[in-house]
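Novice: mind folding the following:
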Amino acid sequence: MHLLRGRRVLPFFPHFRSQTITCHPHIRTMNESKSCNLTDIEVNPHVGLTEFALYILIFFFGAIFNVLALWVFFCKIKKWTETRVYAINLVFADFFVICILPFMAYLIWKNSVRDELCQFIEAMYFINMVVSIYIISFISIDRYLGIKHPLKARAFRSPSKAALLCGLLWLAVTIGAILKLQQRYADFCFQYDTSTPTALTLLSMFFIFTLPLATLTFCSIEIIRNLKRQLKTNSLEEKSIQKALYIIYANLVVFLLCFLPSHLMLIARLITKHTETICSLNHFLRNFSSVTRCIATSNCCLDCVCYYFVTKEFQEAILLPKSSAARTTQTHSVQTHVC
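Specialist: Below you'll find the model as predicted:
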């Protein structure tokens, strides 16, 4: 018996293969919060069905958009730029998430035990979502340097350096994901692990969300200020500058809408982990966390909008394939410098 201490034993009886532990009166020995743990409450069937349907929609539209983006970047655009390098890496990150979505939806729907397949899907999802978040930040930094410090930026900006930075990012995130997932002791696939130390959860949230959000916000604000100054002195480019401002606002709002809810839910889970809460509140958080995961995953589709509006070469490849070679020699619009 002493050998079993500190280890999590997976249930092997068929009727135990469920996360549902309801609040029966005869097990309320201490308090309601102990018997209604956030990870032990079953997702509402309607919420589960909605989650499954949303994943199917994200898979359908994400597959179309990302395949189109890959075709344009590899077959229609010839010139290598920093933006193209970052965009291609972003497409791959989103495309890998799209590829695992059917398996992910099935494992969550069936409430599968965390076996080797589940661990692989969890790793793929985590790696590519984090890479996607950071590449969005890299694009924002690259545009900020190009606009705010155009002369100094020449020493830091080049397609080869962008490729090296992306390669280091993939390597670092992959190593971090392997180390993190080795420490997961959840019994079911994509289940919230309450055994993770709070300090480690907060540290992960800082590097995965807070730091990229701060970077994106700072760069966006600085680019907006610069564009507004150009708007006052250059009336000929008023439409292009206004469109660029709308794109920046839209990108920032999309980032917040996609990733803020899931991280707010993570904070709520941490609070319920250390406080006594009623069963109904835990039930609400368990259901809402499933929805926020869908919202975060929808970023795989929304990133493709950025390719079209930000990359002038992408617009030319889609709308004006015959005249793209001539148009790329012209002066780039202001919108090519923002994301």
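
Novice: low-confidence ranges in the stretch 101-250 of the chain?
Specialist: Scanning the stretch 101-250 of the chain for pLDDT under 70 picks out 234-236.

Novice: look at the closest residue to Ala63 other than its chain neighbours and report its pLDDT.
Specialist: Counting by Cβ to Cβ, 6 or more residues apart in numbering, Ile98 is the residue found nearest to Ala63 once chain neighbours are left out, at 5.4 Å. Using the backbone N, CA and C atoms, a C-beta is placed for each residue, glycine as well. In the predicted model, Ile98 carries a pLDDT score of 94.

Novice: now for Ile98: which residues touch it?
Specialist: By Cβ atoms under 8 Å, 6 or more residues apart in numbering, the contact list for Ile98 reads 58-59, 62-63, 66, 300.

Novice: now Leu231
Specialist: Leu231 sits in contact with 237-238, 241-242, where contact means Cβ under 8 Å, 6+ apart.

Novice: likewise for Ile136?
Specialist: Per Cβ under 8 Å, 6+ apart, neighbours of Ile136: 90, 212, 216, 251, 255, 303, 339.

Novice: helix or strand for it, which one?
Specialist: Ile136 belongs to helix 116-148 when assigned by DSSP states H and E.

Novice: contacting residues around the following helix or strand past that helix?
Specialist: Helices and strands here follow DSSP H and E; after helix 116-148, the next one along the chain is helix 150-153. Residues outside helix 150-153 that contact it (Cβ under 8 Å, 6+ apart): 145-146.

Novice: likewise for stretch 119-128?
Specialist: Counting by Cβ under 8 Å, 6+ apart, 93-94, 96-97, 100, 103-104, 107, 114, 170, 173-174, 177-178, 180-181, 184, 189-190 sit against stretch 119-128.

Novice: shouldn't Phe156 be within a strand?
Specialist: No - secondary structure of Phe156 (DSSP: H, G, I helix; E, B strand; the rest coil): coil, not part of a strand.

Novice: setting the sequence-adjacent residues aside, check what's closest to it.
Specialist: Nearest residue to Phe156, sequence neighbours excluded (Cβ to Cβ, 6+ apart): Leu145, at 6.4 Å.

Novice: burial of the one you found, as a residue count?
Specialist: When neighbours are counted by other Cβ atoms under 10 Å, Leu145 registers 18.

Novice: tell me which helix or strand the residue nearest to Ala63 sits in.
Specialist: helix 82-109.

Novice: can you list the buried residues in that helix?
Specialist: Going by neighbour count (16 or more other Cβ atoms under 10 Å), the buried part of helix 82-109 is 82-101, 103-105, 107-108.

Novice: do the same with stretch 166-181
Specialist: For stretch 166-181, the neighbour count (16+ other Cβ under 10 Å) marks 166, 169-170, 173, 176-177, 181 as buried.

Novice: stretch 113-128 too?
Specialist: 113-114, 118, 121-128.

Novice: Throw the residues you listed into CSV and include distance to Thr233, thanks.
Specialist: Formatted as CSV, the buried residues of stretch 113-128 follow (distance: Cβ to Cβ, whole Å):
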residue, distance to Thr233
Val113, 63
Arg114, 59
Cys118, 57
Ile121, 52
Glu122, 52
Ala123, 50
Met124, 48
Tyr125, 47
Phe126, 46
Ile127, 45
Asn128, 42
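
Novice: what is the nearest of these to Cys294?
Specialist: Tyr125 (12.4 Å; Cβ to Cβ).

Novice: thinking again about what came up before, among the contacts of Leu231, name the ones in helices.
Specialist: In helices, defined here by DSSP state H, the members of the contacts of Leu231 are 238, 241-242.

Novice: could you dump these to TSV with distance to Pro261 and neighbour count?
Specialist: Formatted as TSV, those follow (distance: Cβ to Cβ, whole Å; neighbours: other Cβ atoms under 10 Å):
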residue	distance to Pro261	neighbour count
Glu238	36	12
Ile241	32	22
Gln242	30	14
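
Novice: and which of those is nearest to Cys279?
Specialist: Of all those, Cys279 sits closest to Gln242, with 51.3 Å by Cβ to Cβ.

Novice: state the distance from that closest one to Tyr144.
Specialist: Taking Cβ to Cβ, to the nearest Å as the measure, Gln242 falls 19 Å from Tyr144.

Novice: try Leu252
Specialist: Separation of Leu252 from Tyr144 (Cβ to Cβ): 13 Å.

Novice: more neighbours, those two?
Specialist: Between Leu252 and Tyr144, Tyr144 has the larger neighbour count (other Cβ under 10 Å), namely 22 against 18.

Novice: between the ones in helices among the contacts of Leu231, which is closest to Arg293?
Specialist: Set against Arg293, the nearest of those by Cβ to Cβ is Gln242 (35.3 Å).

Novice: show me what contacts that closest one?
Specialist: With Cβ under 8 Å, 6+ apart, Gln242 has these contacts: Leu231.

Novice: hang on, the earlier thing: any chance of JSON lines for the buried residues of stretch 166-181, columns secondary structure?
Specialist: What follows is the buried residues of stretch 166-181, written out as JSON lines (three-state DSSP):
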{"residue": "Cys166", "secondary structure": "helix"}
{"residue": "Leu169", "secondary structure": "helix"}
{"residue": "Trp170", "secondary structure": "helix"}
{"residue": "Val173", "secondary structure": "helix"}
{"residue": "Gly176", "secondary structure": "helix"}
{"residue": "Ala177", "secondary structure": "helix"}
{"residue": "Leu181", "secondary structure": "helix"}
